[in-house]
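Peer 1: Sequence plus predicted model, see below.
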Amino acid sequence: MMVDIKVGRTKPFDSLFDVQVVGVVLTLNEIECRSNKRHSGRLRYTGYMSRENWAEQKLNHASWHCDNLERHLDVWRGSGSISVVSKVSDDRLRLHLDLSVTETPPTEIWSLTAGDCVHNIRCSFDAWLWGKALEREVPLQNEKRIQFPFADKPKEFSNNRDQLARDINAKVLDAIEEVQPYRIDPNNGLRRCLELIRDLDNQNKHRFPAVTKVGVADVLAVGLSLEFDDDDSAQAEDPEAASEYYLPPLTNGGRLLTYSAKSPIKTGGQVRYQLDLKPHIEFEGNDLPLIPQLRKLMDAAAKVLAWLESQVS
């Protein structure tokens, strides 16, 4: 089934478009957009959008952003942008292993994508509540206040409840109150997830996305082939005791390891290494592991929404 859509400029030098739907079918699996040559394109939706599954679609879109971000991270890891170089000190008693980074990780793009993921997670709660609002006739002037609250104090939720009570039934509001952060034990990880969904999204919308950075989480293995002036000097070395490891940010020249020798090093030979890189979100003084944290927030949202639905259906 096709829906013809006419797309055209509303006025010169205006980026907005006037979209006129010629026909409407509520359960389309695909919407084909036919537009003029200047603005040609196609919109494709999998599944039909309805109040019953709109919250789920939001979470699916959050997952799409997360999967896309993970693919970008894998591509960058495999791009050969990171290597390790060895340097013997002038006194020949130390060998340094330093990072060589030829292409800086695109953390700004990763930050934006992570922000899009979090925003869709946050919107899934609003979408669920909007579905409940549609069960009643909500006056147009009341639509803007249909937002799922995340309150830290009872008084804050009470104010939100008073605003929603005109359009949302009491059973739904009672269930929503049960999942407010202030109602959940501070030691329960679910509370922290709900707070992060709210706070990360607020920062992403109103300020800047939470900064994504990449550092070295661990040096999993290092193998050195060193040459000394004589065999006795080589046998006297104790690699474990003489090695000092560092976990630097992923910058060119960042120091990974310093090996202190007992005898002068003749040459620094082959270096074998395995690094565990740590993409993370830097937020409120904490380093949150990027992909695991996003998936944790999605799981928390899915569990809360499923519980809410079980309480009101």
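Peer 2: Right, received. Where do you want to start?

Peer 1: C-alpha only now, for contacts and for neighbours.
Peer 2: Will do.

Peer 1: can you give me the helices in the stretch 201-313 of the chain?
Peer 2: Along the stretch 201-313 of the chain, counting by DSSP state H, counting those that start in this stretch, helices occupy 231-235, 239-242, 290-312.

Peer 1: just those helices: most buried one?
Peer 2: Highest mean neighbour count of the helices of the stretch 201-313 of the chain: helix 290-312, a mean of 17 (counted as mean count of other Cα atoms under 10 Å).

Peer 1: now that helix: how far from the chain's centre is it?
Peer 2: 15 Å (Cα atoms, centre = their mean, to the nearest Å).

Peer 1: C-alpha coordinates for that helix, PDB please?
Peer 2: The C-alpha trace of helix 290-312 is given here as PDB (Å, rounded to 0.1, in the frame of the first residue of the first chain):
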ATOM      1  CA  LEU A 290      30.400   3.500  27.100                       C
ATOM      2  CA  ILE A 291      28.600   0.500  25.500                       C
ATOM      3  CA  PRO A 292      28.000  -1.500  28.700                       C
ATOM      4  CA  GLN A 293      26.400   1.500  30.300                       C
ATOM      5  CA  LEU A 294      24.100   2.300  27.400                       C
ATOM      6  CA  ARG A 295      22.900  -1.300  27.300                       C
ATOM      7  CA  LYS A 296      22.400  -1.300  31.100                       C
ATOM      8  CA  LEU A 297      20.200   1.800  30.700                       C
ATOM      9  CA  MET A 298      18.200   0.200  28.000                       C
ATOM     10  CA  ASP A 299      17.700  -3.000  30.000                       C
ATOM     11  CA  ALA A 300      16.600  -0.900  33.100                       C
ATOM     12  CA  ALA A 301      14.100   1.000  31.000                       C
ATOM     13  CA  ALA A 302      12.600  -2.100  29.400                       C
ATOM     14  CA  LYS A 303      12.200  -3.700  32.900                       C
ATOM     15  CA  VAL A 304      10.500  -0.700  34.400                       C
ATOM     16  CA  LEU A 305       8.200  -0.200  31.400                       C
ATOM     17  CA  ALA A 306       7.200  -3.900  31.500                       C
ATOM     18  CA  TRP A 307       6.400  -3.600  35.200                       C
ATOM     19  CA  LEU A 308       4.400  -0.500  34.700                       C
ATOM     20  CA  GLU A 309       2.300  -2.100  32.000                       C
ATOM     21  CA  SER A 310       1.700  -5.200  34.200                       C
ATOM     22  CA  GLN A 311       0.300  -2.900  36.900                       C
ATOM     23  CA  VAL A 312      -2.200  -1.000  34.800                       C
END
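
Peer 1: which ones are touching the residue nearest the centre of the chain?
Peer 2: The chain has residue 114 as the residue nearest its centroid, 3.1 Å off, counting by Cα atoms, centre = their mean. By Cα atoms under 8 Å, 6 or more residues apart in numbering, the contact set of residue 114 is 65-66, 69, 294.

Peer 1: Which pLDDT does the model give it?
Peer 2: Residue-level confidence at residue 114 comes out at 92, pLDDT.

Peer 1: Also the one 3 residues further on?
Peer 2: Residue-level confidence at residue 117 comes out at 95, pLDDT.
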